[in-house]
Structures are given as structure tokens and as C-alpha cells.
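Asks: pasting the sequence and the predicted coordinates here, then a few questions.
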Amino acid sequence: MANVLLAHPNVADSGTLSGGNWQVALNNLKDRRLSRVARSATALKADTQFVLDLGQSRLVSVIAVVRHNLSTAAKWRLRMANDPSFATPVYDNATPAPNDGTPSLQMDFLAMSFTVWEPDWPLAWPTLFPPAALEWEDDNFWTGSITEEERKQYPSMLLVILPKPTAGRYIKIEIDDEANLDGYIEFGRVFVGRAWQPLNNANWGASIGWETDTTTQRALSGTPYFDRKDGRRVTRFELGYLSRDEALGQVFELQRRAGIDGEILLVWDKDDPINLLRQSYLGHQRQLNPIARAFVGNHSNAFEIEEL
């Protein structure tokens, strides 16, 4: 189990977006209101890609694209580079072509045909259910992902956690979802930032749950009527074994910079691929709790992070 990961600030907002073909402005990716989406003109690959220029080389730990409409068959690719051509990327989330002696370009002179090995792009929707949680007859038994019907109401995010902080200026995201029944691709927000992980993980007793603003009224007959609202995730945890440097250099400064309104990307356990999407989201701190000097050489702080 990996320690909780917190990322702030979002440096994407100071960058420049370009590429693709968008019927609703690509710059909406820099709007914190997730309902202000960027929407492509079509679902063709050429129309659904974009490049983010951060303006200068920056150390990056995490990159996320929040709230999308990608189908369960969609694939995507993310590359980061210091040159706008992406000829020598410093990061690529695609599985490279075979390097076991298999040629990258294979020619069959008798058939006069060519086979070009291409990198394998990861699926946009990861495995969310182990086999034991599904029945043989379920449509998603073999993939472990969600169904096409369910994904429309499921919290969606494309997430990359780099193995280590990596310096890059340009980020390119490409989408392969041309059969999307919507006929377009849309995204709500892009987040690029550097993350912090405490040396010691959160205390036992941490929790995650759903909260909702759904209201209910009863008729005179006693029949309940509901005004349903989408739920939001809330994670509560305490970092109980912070050094002085972590408490003041990280937590104290995070509170100063982010306040209760600043975006924080929360990743609970990056080593848990099945639950990564469930426990990772873009949120904010509900309140700023004081840093406690628990005992000699040790500090603690409680977090409550609510999904945006």
C-alpha cells in the first residue's frame, strides 16, 4: 500500500492549450467549473487530441483529465516532452513496441506487405472489479471494467502518476474513441501538478464515503418524493506521525497556498489499481485544522477533503 498523495497547485491554468478541433472551447479545461466542458467537433483522433504548453519546464508528479465521456472501449495516450515535436518524450504512458529483437518494421517480400509495430495505448477505463465480484453472465466479466450503460453516471478521470517528479514543458493527450456513440469527446478539467507523500501514511481510522444534497418531502399520504442530486466523495484522515519539516514545510504551506478553496488532487493509494479511480479525485479542504505538536519530535494534522 502506497502512502496518500496530495497534489497542489494546478499549474495547467497558466499554460496554453492547442490542437484538435473543438466545437466548445478547449480553454474550458482551465475553468474550475466542471460543467464548463471542452467538446470536440467529432470523435476522430485528429479532432480529440490537444497539447498543453506549460510555458517553461516544470517538475510534474501527476496529470489528470477530470470528467470525460469516453466509452469503455476508448484508449488514450499521454506524452510529456521538452520539445514541441515530442520526438524525445521524457514520459509516455503507452506500452512501447517490442524491444526483444523483433523489428519495429517487419517486411514480407513475398506478400509485399509491411507490419509496423505501434505502442499499445492503455484503456481509458481501468479494471474496477475483481473476478470474484462478478458473475460469469455479466457483460464485463472478462474486462472487469464497468458496463457502457453504467459509465455514464460513474466518476470519470484519466490519471497518470509519474514514477518520480519529471521535468517537462509540453504535454500531449491523444484519444482513440472514434466509435463513441455521442459523436464527440468532452472533458471537464485538466490538472497538472507536483505531489507530496508523507513519510508515514495516514493513521488507521481513515474513511471515505459519499455525501449528497438530495432532499426529500412527504406527501400527505406519507409517500416520499426525492429531488436527487449527484453525490460527492469525502475523505477524512489524520497524518499522525509528521516530522517538523513535513508539518511546517509541507502541511503548513499547503494550508497557506490552497486554503479551503484551492484544488487538491487526492490519490489515496496509487498501488491499488482496482480501486485507484474510486479513491482518487479532485477536491478541496473543507476546513484548515491546526497542526498539533503531539509529542517530542512529532506533529499531527487532520484532513477532510471534499470532491469538487
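Replies: Cool, got the structure.
Asks: longest helix of the chain?
Replies: Taking DSSP state H as the criterion, the chain has its longest helix at helix 252-258.
Asks: quick one: strands adjacent to the helix or strand following that one?
Replies: Later in the chain than helix 252-258, the nearest helix or strand by DSSP states H and E is strand 264-267. Using DSSP bridges, the strands paired with strand 264-267 are strand 5-7 (antiparallel), strand 280-285 (antiparallel).
Asks: show me the contact partners of strand 264-267.
Replies: With contacts defined as CB atoms under 8 Å, 6 or more residues apart in numbering, strand 264-267 is touched by 4-8, 10, 62, 64, 159, 161, 191, 193, 195, 235, 254, 258, 276, 279-285, 305. C-betas here are computed from N, CA, C, even on glycine.
Asks: what of stretch 24-33?
Replies: Against stretch 24-33 from outside (CB under 8 Å, 6+ apart): 12-13, 15, 17-20, 36-39, 50, 65, 186-190, 263, 308.
Asks: likewise for stretch 87-98?
Replies: Contacts for stretch 87-98 (CB under 8 Å, 6+ apart): 77-82, 104, 117-122, 160, 162, 166-168.
Asks: walk me through the domains of this protein.
Replies: 10-98+119-195, 207-307 (automatic domain parsing).
Asks: deepest-packed of the ones you listed, please.
Replies: Among those, domain 10-98+119-195 has the highest mean neighbour count (mean count of other CB atoms under 10 Å), at a mean of 17.
Asks: how about the helices in the stretch 201-308 of the chain?
Replies: Secondary structure of the stretch 201-308 of the chain by DSSP state H, counting those that start in this stretch: the helices cover 244-246, 252-258.
Asks: between those helices, which one is nearest to Ile146?
Replies: Closest of these to Ile146 is helix 252-258, at 31.2 Å (criterion: CB to CB).
Asks: so what does the closest one touch, helix or strand wise?
Replies: Helix 252-258 sits against strand 280-285, with contacts defined as 3 or more CB pairs under 8 Å, 6 or more residues apart in numbering; DSSP states H and E.
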